[in-house]
Each structure stands twice: as structure tokens, then as C-alpha cells.
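In: Here is a sequence with its predicted model. Questions after.
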Amino acid sequence: MFVELFAVMAPVFVGASLGFTWIRLGHAYPVEFVTKLVFNIGTPALILASLTGADIDANSLGRTMLGTLLVIVAMGLLTFAVAPLVRKDWRVLLSPMMYPNTGNMGLAVTLYAFGSSGFAFAIASMVTVSLVQFTFGAAMHSKSGRPLRTLARTPTIYAIGIALLLLLTDTALPRWLDNTVDLISGFTVPLMLITLGVSLASIQARNLSSGVGFSVIRTLAAALLAWGIGTVIGLPPLAHSILVLQMSMPVAVFNYLFAQRSGHDPKYVAGLVFCSTLLSFIYLPILLAIMM
């Protein structure tokens with residue numbers, strides 16, 4: 001079991017460590033360029049390659065997205081109970097509570113733990129988190145208040161629509177396009193992990209003790225809510241495990257970027273991202289040992 005868990009977590013740790021070490025050695029890393037490349041090209045290609053080639057029915061996919069949405073909403077409501085415990089304004093904690101790192105870290109862990117069959121469910125969960133984060137989340141933190149315009153310019157949305165249409169009609173991509181999408185999608189997960197390490201090396205974390213306490217509360221709450229909601233809506237076993245795993249991921253780096261833009265205590269949120277990510281290398285193997 002230890003060998004299997006190490007095989008899952010080692011690529012994630014090494015990938016993030018590469019980015020972290022790269023910055024610590026003083027090298028430049030074009031975060032803005034890589035982020036745009038991953039989210040505008042890599043992620044849409046990954047969605048098409050994963051969903052169109054997956055042996056998964058639309059009903060299970062839809063219920064996974066529904067389960068993810070329900071957990072996000074429940075975590076948002078739970079924020080009002082957690083805020084007094086850590087003595088912080090609920091506006092500071094709302095995004096870190098609601099949006100886990102289902103992309104940079106969640107996809108990689110799921111891929112190595114459950115293979116291509118589980119990866120499709122992880123994509124569905126990540127897509128749902130992204131949709132909520134870049135609509136409701138962007139509206140919460142935006143000064144211009146134009147989240148729908150941003151969403152309409154997001155290629156990922158169109159990739160989701162095309163993938164679901166192909167899935168529902170049981171249609172395959174032309175071979176030349178399937179090969180192209182598969183090739184391009186290959187850089188997405190490695191770059192996500194390297195960029196995660198770069199982000200951790202770049203942010204200045206503060207209030208680490210408070211960050212640890214918050215991370216423990218958030219992880220336990222998310223895992224229990226995901227397990228309960230997945231049971232209630234009748235998710236298949238594999239999809240149920242993926243939902244619990246994805247919702248238990250550490251606080252997403254994007255929460256720090258949103259906090260910077262809105263002025264909602266970005267230094268504290270940076271500490272939450274940093275602490276929760278480091279703790280994930282301890283609790284994720286335990287969670288995987290239970291589910292695998």
C-alpha cells in the first residue's frame with residue numbers, strides 16, 4: 001500500500017518542487033503567460049481528450065457536477081460558522097472555504113490514483129468549481145462586476161459544451177483532431193504542478209498557525225460533506241471517491257489572486273494556500289489509503 005501511495009504522490013510532489021526550486025534559485029518564470037496557456041489552450045484540450053475518450057455515461061457525469069455544486073454551496077454556508085472560530089471576517093474566508101485546488105493538484109492526484117476512468121469525474125468536478133469561481137467568485141471580488149463577460153471569453157466553457165455533446169451523441173472526434181488534442185493536453189498537468197510550486201515560492205505567507213487550524217477544519221468539513229452528499233444523490237462508487245478527494249484538496253492559489261484584487265486580507269489567504277498545500281502531502285495519502 002505504501003508503494004502505491006508513494007507512486008501517486010511522488011509525481012505531484014516532484015512537479016511542485018521543480019517550480020518551487022526554480023524560483024528559489026532565482027530563475028524567472030512567466031506565470032501570467034503559462035497560466036493563460038494552461039487555461040486557454042491546455043485545459044480545453046484536456047477536457048476534450050478526457051471526456052470524449054472516457055467510458056462514462058452522461059448521467060454519472062451530471063450527478064458528479066451536481067454533487068460538486070452542492071458541496072461548494074454547503075461550504076459557503078459553513079463559512080459563517082467557521083469565521084468566528086478563526087476570528088476572521090467571513091468575506092476573507094468565503095472563497096478559501098468554497099474553492100479547493102481541483103485543477104493544479106486535484107487532477108494530478110486523481111490521474112495517478114484512479115487512472116483515466118476516474119480522471120473524467122475529476123474533470124467534471126474541476127469544471128464545476130471553475131464555473132462557480134469565475135462567476136459568483138469573480139462577482140464577489142470584482143470591482144468592475146463583469147463575470148459573465150469573462151466567462152463568455154473562456155475557451156474551457158466551449159470545450160465542456162463540445163465534450164458533453166459528443167458524449168451524449170456517442171460521437172468520436174476525427175482521428176487527426178483526437179491525436180492533436182491528446183498531444184496538446186499532455187503539457188497541461190505538468191505545467192499546472194510546476195506553476196503550483198512557483199506560486200508557493202512566490203507568495204509571502206503569514207499567520208501560519210491560524211492557517212493550519214483553518215486547513216484542518218476545512219478538510220474535515222469538505223470530506224464529510226462530499227461523502228454525505230455523494231451518498232444522498234446516489235453517486236457510483238468511483239465518482240463518489242473522486243468527489244470526496246477533489247473537495248478535500250487544499251485551498252486553490254486563485255483564491256489568493258482574488259484576495260489581492262479585492263483587498264480581502266491577501267497575506268492571510270496566502271498563508272491558507274501555503275499551509276493547506278503542505279498539509280495535503282500528509283492527509284491526502286491517508287485519504288487515498290481509505291479510498292483506494
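Out: Arrived safely, thanks for sending.
In: which non-adjacent residue is nearest residue 18?
Out: Closest residue in space to residue 18, ignoring its immediate chain neighbours: residue 194 at 5.4 Å, by C-beta to C-beta, 6 or more residues apart in numbering. (C-beta placed from N, C-alpha, C; glycine too.)
In: Determine the number of other residues adjacent to that neighbour.
Out: 21 (other C-beta atoms under 10 Å).
In: so it is in which element?
Out: With secondary structure defined by DSSP states H and E, residue 194 is part of helix 188-202.
In: With only the CA atoms kept, save that helix in CSV.
Out: What follows is helix 188-202, C-alpha atoms only, in CSV (Å, rounded to 0.1, in the frame of the first residue of the first chain):
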residue,chain,number,x,y,z
THR,A,188,-1.3,20.7,-19.0
VAL,A,189,-1.0,18.7,-15.8
PRO,A,190,2.9,19.0,-15.6
LEU,A,191,2.7,22.8,-16.1
MET,A,192,-0.1,23.0,-13.5
LEU,A,193,2.1,21.3,-10.9
ILE,A,194,5.2,23.4,-11.8
THR,A,195,3.1,26.6,-11.6
LEU,A,196,1.7,25.5,-8.2
GLY,A,197,5.3,25.2,-6.9
VAL,A,198,6.2,28.6,-8.4
SER,A,199,3.1,30.2,-6.7
LEU,A,200,4.0,28.7,-3.3
ALA,A,201,7.6,30.0,-3.6
SER,A,202,6.3,33.5,-4.7
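In: So which elements touch it?
Out: On a contact count with 3 or more C-beta pairs under 8 Å, 6 or more residues apart in numbering; DSSP states H and E, helix 188-202 meets helix 2-24, helix 31-37, helix 43-52, helix 106-132, helix 253-262, helix 266-291.
In: What separation do you get for the residue nearest to residue 18 and residue 11?
Out: Relative to residue 11, residue 194 is positioned 12 Å away (C-beta to C-beta, to the nearest Å).
In: try residue 89
Out: Taken as C-beta to C-beta, the span from residue 89 to residue 11 is 37 Å.
In: so where's the protein shaky on pLDDT?
Out: For the chain, applying pLDDT under 70 flags the ranges 1-2, 53-55, 137-151, 204-207, 257, 260-262.
In: Which residue would you name as the spatial centre of it?
Out: residue 102 (1.4 Å; C-alpha atoms, centre = their mean).
In: coming back round to it: with distance to residue 188 and mean neighbour count as extra columns, can I get the helices and strands packed on helix 188-202 in a markdown table?
Out: Supplementary listing: these in a markdown table, determined by distance: least, C-beta to C-beta, whole Å; neighbours: other C-beta atoms under 10 Å:
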| stretch | distance to residue 188 | mean neighbour count |
| --- | --- | --- |
| helix 2-24 | 12 | 16 |
| helix 31-37 | 9 | 14 |
| helix 43-52 | 5 | 24 |
| helix 106-132 | 8 | 23 |
| helix 253-262 | 16 | 21 |
| helix 266-291 | 19 | 20 |
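In: Those: which one's closest to residue 220?
Out: Of all the helices and strands packed on helix 188-202, helix 266-291 sits nearest to residue 220, with 9.3 Å by C-beta to C-beta.
In: centre of the chain versus that closest one, how much separation?
Out: Going by C-alpha atoms, centre = their mean, to the nearest Å, the spacing between the C-alpha centre of helix 266-291 and its chain's C-alpha centre is 12 Å.
In: again, but for stretch 249-264
Out: 13 Å.
In: Can you tell me what sits against it?
Out: Applying C-beta atoms under 8 Å, 6 or more residues apart in numbering, the external contacts of stretch 249-264 come out as 89, 91-92, 95-96, 99-106, 109, 129, 133, 137-138, 140-143, 196, 199-200, 203, 215, 218, 265-266, 268-270, 272-273, 276-277, 279-280.
In: 7 Å instead, please
Out: Outside of stretch 249-264, the residues that reach it under the criterion C-beta atoms under 7 Å, 6 or more residues apart in numbering are 91-92, 95-96, 99-102, 104-106, 133, 137, 141, 196, 199, 203, 265-266, 269-270, 272-273, 276-277, 280.
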